[in-house]
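Undergrad: Provided below are the primary sequence and the corresponding predicted coordinates.
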Amino acid sequence: MIKSELHPNMRRELIKLAWPLMISNLAYVLLGALDTWFMGRVSTSALGAVGVGSMFFMSLTLILRGTISGGLVLVAKSFGAGDNKSAGHTLGNYLVLTILLAPLALLIPVIAKVYFLITKADREIARLAYNYITIRAWEIPFALISQAVVSFMMGIGDSKRPMYLAWSSVIINLVANYILVFGKLGLPALGIKGAAWGTVIAQALQALCYIVTVRRLYAKQFQLQVFCVPTKKRFREMLRLGLPIGLGDFVESSAFATFMTLISRLGPIELAASQIANQINSLAFMPGFALGTATSSLVGRALGEGNKAKGRLYGIVGVKVAITYMAFLGLSYWIFPRYLATFFLHDQVVINCTVKLMRIISIYQVFDACNIVFRGALNGAGDTKFTGMTTILAAYVLFIPLTYLGAFVFKLGLIGAWLGPIVYLISLGIIFGLRFLSGRWEDKTTETLELSVNYPRD
């Protein structure tokens, strides 16, 4: 009786929080899609290079962004417990953490150079991708600031303002790319370098807007301090919570980047088709990620209230909504793949290859829904070590080995390479689902709740 009464309200609350985030996430993916679209009008090599470069760059930055996103868990639980001051101070703590993490951006070009040597990527693609990555490294401090503020806003249930700011960033990126890639307004045509600089400019302006917005709207209610230096104990606890998220995100994204690099060895057509298929899938399943983040926030707030049963129900409702959406998504991939592919380019050989991939991708959509939302629910409960370590192990044991075996040992080519991500995502969906349904995540709830509401005030 209680469940039947709560489910409709919970579904409405989940969707109310998630839909602006869906549109925000669509905007963030469009930042990458814009680069792909512009490079499709430059050259096939540039298209493949921006795919490899953007995935490699995101894999490295996600370890930093994921660590910062741990603030959502602490803010949500503080807010759920009615402690606005702790929620506000948490934002200040994480802004300080962004300053400490930002210098790591200097290592990215060095790592990229070594990475391309080890993976033996096509020489021209590696050169173009390296140039792209080196420029994009300048955006990291701004991206981390934005991540800290977004985590705070999501933790308190404000998802609409991030939506507006995300789309303003897309518009800025679109204009900057057009000018810099093709050389308008008297500027030289920079090609792939122009796409990278366009994204940096958009990220910098977005970070500035986030700081101004959060100060104007929430400074008094949450006693915000832009920079609130954490104690050593608090700093260690922040890393303990957020670092597993960052490491898991990093390994997962780097696995996809390695996957794309291995595919580059099959040829430029296979690489271009995989890049387009990945981009289409990223654009389309952003609502799934939004539901995962919204579920994380609502589970955290429910646990902050001391209501574990409510937190469990939010997780179940989130998965039901996500499965419904992603099953429909998989069906569209099977029926309309050619129409989706032609948006990016008109090379029929690449399009035919993309069509085959889209139908393969349609197979695992429901399992990916379980992976995304159950992972979000577990993170919201503070069970970040389990989700992070499971993701890392699955990537190294299943994803990359199966990709290599399918493509190069069993010589199944592009289709064989895609066995890796299929098995990987299906496995994570099952594992995270079993973990959440077992209730073992509840052991982490009290520990994380004490961290969020017993803010060290010395």
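TA: Done, it's in. Since this is a predicted model, take the numbers as computed values, not measurements. Numbers count the residues shown, from 1 in each chain.
Undergrad: contacts, neighbours, all on C-alpha from now
TA: OK.
Undergrad: right, and the helix or strand after the helix or strand encompassing V175?
TA: Taking DSSP states H and E as the criterion, V175 maps to helix 160-182. Using DSSP H and E, the helix or strand that directly follows helix 160-182 along the chain is helix 192-218.
Undergrad: and F328, what element?
TA: Take DSSP H and E as the rule and F328 turns out to sit in helix 308-335.
Undergrad: list the buried ones in that helix?
TA: By neighbour count, and taking 16 or more other Cα atoms under 10 Å as the criterion, the buried residues in helix 308-335 are 308, 310-319, 321-323, 325-327, 329-330, 333-334.
Undergrad: next structured bit after it?
TA: Sequence order places helix 337-341 as the next helix or strand after helix 308-335, per DSSP H and E.
Undergrad: Take that following helix, keep the C-alpha atoms, and write them as PDB.
TA: Extracted in PDB, the C-alpha atoms of helix 337-341 (Å, rounded to 0.1, in the frame of the first residue of the first chain):
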ATOM      1  CA  PRO A 337      20.000   3.600 -38.200                       C
ATOM      2  CA  ARG A 338      20.600   5.000 -41.700                       C
ATOM      3  CA  TYR A 339      18.700   8.200 -41.000                       C
ATOM      4  CA  LEU A 340      20.700   8.800 -37.800                       C
ATOM      5  CA  ALA A 341      24.100   8.200 -39.600                       C
END
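Undergrad: Now do it, average pLDDT.
TA: The average pLDDT for helix 337-341 rounds to 83.
Undergrad: Need the residues that contact that helix.
TA: Counting contacts by Cα atoms under 8 Å, 6 or more residues apart in numbering, the residues outside helix 337-341 that touch it are 276-277, 280, 351-352, 354-355, 358-359.
Undergrad: For it, buried residues please.
TA: If you call a residue buried by 16+ other Cα under 10 Å, then helix 337-341 has these buried ones: 337-338, 340-341.
Undergrad: Could you dump those into JSON lines with distance to L30 added?
TA: As requested, the buried residues of helix 337-341 are arranged in JSON lines below (distance: Cα to Cα, whole Å):
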{"residue": "P337", "distance to L30": "19"}
{"residue": "R338", "distance to L30": "20"}
{"residue": "L340", "distance to L30": "15"}
{"residue": "A341", "distance to L30": "15"}
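Undergrad: Now flag whichever of these is closest to L47.
TA: Proximity to L47 was ranked across those by Cα to Cα; first place goes to A341, at 13.9 Å.
Undergrad: Relative to A49, how far out is the closest one?
TA: Applying Cα to Cα, to the nearest Å, one obtains 18 Å for the distance of A341 from A49.
Undergrad: Can you list the helices and strands that the strand or helix carrying L30 packs against?
TA: Following DSSP H and E, one finds L30 within helix 2-39. If contacts are counted by 3 or more Cα pairs under 8 Å, 6 or more residues apart in numbering; DSSP states H and E, helix 2-39 sits against helix 44-69, helix 160-182, helix 192-218, helix 268-284, helix 286-304, helix 308-335.
Undergrad: run the last query once more with 7 Å
TA: When contacts are defined as 3 or more Cα pairs under 7 Å, 6 or more residues apart in numbering; DSSP states H and E, helix 2-39 packs onto helix 44-69, helix 160-182, helix 268-284, helix 286-304, helix 308-335.
Undergrad: Could you export the helix holding V175 as PDB, keeping only the C-alpha atoms?
TA: Listed next in PDB are the C-alpha coordinates belonging to helix 160-182 (Å, rounded to 0.1, in the frame of the first residue of the first chain):
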ATOM      1  CA  LYS A 160      17.000  23.900 -14.400                       C
ATOM      2  CA  ARG A 161      19.700  26.600 -14.100                       C
ATOM      3  CA  PRO A 162      22.500  24.200 -15.100                       C
ATOM      4  CA  MET A 163      20.300  23.400 -18.200                       C
ATOM      5  CA  TYR A 164      20.200  27.100 -19.300                       C
ATOM      6  CA  LEU A 165      24.000  27.500 -18.700                       C
ATOM      7  CA  ALA A 166      24.900  24.300 -20.500                       C
ATOM      8  CA  TRP A 167      23.000  25.400 -23.600                       C
ATOM      9  CA  SER A 168      24.600  28.900 -23.600                       C
ATOM     10  CA  SER A 169      27.900  27.000 -23.700                       C
ATOM     11  CA  VAL A 170      26.800  25.100 -26.800                       C
ATOM     12  CA  ILE A 171      25.800  28.300 -28.600                       C
ATOM     13  CA  ILE A 172      29.200  29.900 -27.800                       C
ATOM     14  CA  ASN A 173      31.000  26.700 -29.000                       C
ATOM     15  CA  LEU A 174      29.100  26.700 -32.200                       C
ATOM     16  CA  VAL A 175      30.000  30.200 -33.100                       C
ATOM     17  CA  ALA A 176      33.600  29.900 -32.000                       C
ATOM     18  CA  ASN A 177      34.000  26.600 -34.000                       C
ATOM     19  CA  TYR A 178      32.600  28.200 -37.100                       C
ATOM     20  CA  ILE A 179      34.900  31.200 -36.900                       C
ATOM     21  CA  LEU A 180      38.100  29.300 -35.900                       C
ATOM     22  CA  VAL A 181      37.700  26.000 -37.900                       C
ATOM     23  CA  PHE A 182      36.900  27.700 -41.200                       C
END
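Undergrad: Determine the set of other helices and strands touching it.
TA: Packed against helix 160-182 by the contact rule (3+ Cα pairs under 7 Å, 6+ apart) you find helix 2-39, helix 192-218.
Undergrad: Could you tell me how far it lies from the centre of the chain?
TA: 18 Å (Cα atoms, centre = their mean, to the nearest Å).
Undergrad: for the stretch 301-450 of the chain, what spans make up the helices?
TA: Assigned by DSSP state H, counting those that start in this stretch, the stretch 301-450 of the chain shows helices spanning 308-335, 337-341, 348-361, 365-380, 384-394, 400-404, 413-417, 419-438, 442-453.
Undergrad: between the fourth one and helix 286-304, how many degrees?
TA: Taking axes from the mean of the first three to the mean of the last three Cα atoms, to 10 degrees, one finds that helix 365-380 is oriented at 30 degrees with respect to helix 286-304.
Undergrad: Perfect, I'm done here.
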